[in-house]
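**Student:** Need coordinates for the below:
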Amino acid sequence: MPAAASIRDYVLPYAGASESARVPVLTTNRILSDINSVLQQLFSGGQMESKSLLIRAPGTITLDAVTAESTAVTFAGYQSYMQGCTILISGDSRENRLVRSSGTLALESPYLGSTGTNVTAAIHYDCATVDVSIGKIYEPMSLDRKWELEMVDPALIAEVRFGLDRRQIARPMRAAIESALDSSSTPSRRILFDTLPDAAYMLHFRADVRAPVVTSFADTREFLLPNGLDHSVLKPLVLMAFSSHPSFTGDLGKTAPAAQVAQELWANSRGQGLARRQVSLMD
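**Tutor:** Prediction:
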């Protein structure tokens with residue numbers, strides 16, 4: 001039986017039912033929510049993978065129109081990976097940035113050149129948006145696995161701009177992580193660079209991975225945890241989470257110790273295995 005349905009059926013007797021058809025929809029929704037909540041807690045740290053992101057080479061675009069002292073901007077060929085990147089618009093000596101304001105593409109700062117149409121602009125990919133599957137990012141971070149980037153606070157990246165209309169076009173040496181929020185879209189994060197990248201690079205780093213997400217009990221995956229630990233880890237912890245539901249009929253005195261054992265088993269299963277150790281020839 002698929003993992004999600006198996007966990008549901010495991011919890012059902014503790015909700016006073018033997019089959020899902022006899023359980024209120026709100027109760028089965030609560031079980032589904034508990035599964036995802038427990039998965040998020042289990043994957044909250046330490047489940048790392050190697051990741052890479054393409055940093056594109058600078059390019060040239062043509063803006064349909066720009067208006068003096070306005071943040072309005074439109075152009076053909078916009079791609080989501082351009083969001084947050086620096087744009088250098090003809091007629092304005094200052095750097096600007098492509099952002100979204102309430103879902104609409106805009107400039108971060110008002111355009112200080114003259115109103116015009118078919119205006120040339122250069123776009124530099126000095127930031128990379130990470131998707132929701134990437135959690136906490138760890139050092140070392142590098143470009144093409146040749147040049148290590150120093151991870152700094154976003155405030156330091158902002159300081160690089162002080163006194164400059166435009167930053168240097170060169171290989172980045174520092175990077176920072178900032179939130180990318182928009183009231184009409186899913187919150188995300190961006191990796192910022194201290195310079196305007198002069199060429200295409202591949203960004204490499206390690207990051208925590210997002211927990212598996214179960215959207216319905218029709219999910220066909222046989223396991224939701226590595227090493228097939230669903231029975232010994234996931235089921236006791238989901239039952240413990242469900243124990244706060246009003247319809248819970250189990251014995252909390254038995255549920256809590258089983259959940260504690262499951263937590264310990266999960267903790268022991270993470271990380272590296274047997275470590276190599278030095279042996280003294282004098283022993």
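
**Student:** Show me where the stretch 151-283 of the chain has its helices.
**Tutor:** 154-161, 235-242, 252-269 (DSSP state H, counting those that start in this stretch).

**Student:** Out of those helices, which is closest to Ser6?
**Tutor:** Of all those, the one in closest proximity to Ser6, counting by C-beta to C-beta, is helix 235-242 (8.0 Å). C-beta coordinates here come from the backbone N, C-alpha and C atoms, glycine included.

**Student:** how about the closest one as CSV, C-alpha atoms only?
**Tutor:** Taking C-alpha atoms only, helix 235-242 is exported to CSV below (Å, rounded to 0.1, in the frame of the first residue of the first chain):
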residue,chain,number,x,y,z
LYS,A,235,3.7,6.5,11.8
PRO,A,236,4.4,6.9,15.6
LEU,A,237,5.2,10.6,15.1
VAL,A,238,2.1,11.3,13.0
LEU,A,239,0.0,9.5,15.6
MET,A,240,1.6,11.7,18.3
ALA,A,241,0.8,14.8,16.2
PHE,A,242,-2.8,13.6,15.8
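
**Student:** on that earlier part again, export the helices of the stretch 151-283 of the chain to a markdown table and append columns for mean pLDDT.
**Tutor:** Formatted as a markdown table, the entries for the helices of the stretch 151-283 of the chain read as follows, by pLDDT from 0 to 100:
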| stretch | mean pLDDT |
| --- | --- |
| helix 154-161 | 88 |
| helix 235-242 | 96 |
| helix 252-269 | 92 |
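
**Student:** Please identify the most buried of those.
**Tutor:** Comparing those by mean neighbour count (mean count of other C-beta atoms under 10 Å), helix 235-242 comes out on top with a mean of 23.

**Student:** elements contacting that one?
**Tutor:** Packed against helix 235-242 by the contact rule (3 or more C-beta pairs under 8 Å, 6 or more residues apart in numbering; DSSP states H and E) you find helix 3-11, helix 25-42, helix 252-269.

**Student:** And the average pLDDT for the shortest one is what?
**Tutor:** Along helix 3-11, the predicted local confidence has a mean pLDDT of 93.

**Student:** That one: which residues count as buried?
**Tutor:** In terms of neighbour count (16 or more other C-beta atoms under 10 Å), helix 3-11 has its buried residues at 3-4, 6-8, 10-11.

**Student:** quick one: low-confidence parts of the stretch 101-250 of the chain?
**Tutor:** For the stretch 101-250 of the chain, the stretches flagged by pLDDT under 70 are 181-185.

**Student:** nearest to Met151, of the buried residues of helix 3-11?
**Tutor:** For those, the residue nearest Met151 by C-beta to C-beta is Ala3; the value is 36.4 Å.

**Student:** Apart from its neighbours in sequence, what residue is nearest the closest one?
**Tutor:** Taking C-beta to C-beta, 6 or more residues apart in numbering, and ignoring the residues beside it in sequence, Ala3 has Leu224 as its nearest neighbour in space, at 4.8 Å.

**Student:** At which residues are the strands of the chain located?
**Tutor:** Assigned by DSSP state E, the chain shows strands spanning 48-55, 59-66, 73-74, 86-89, 96-101, 104-107, 116-124, 127-130, 134-143, 147-151, 174-180, 188-193, 201-209.

**Student:** buried stuff in the last one?
**Tutor:** By neighbour count with 16+ other C-beta under 10 Å, strand 201-209 contains the buried residues 201, 203-205, 207-209.
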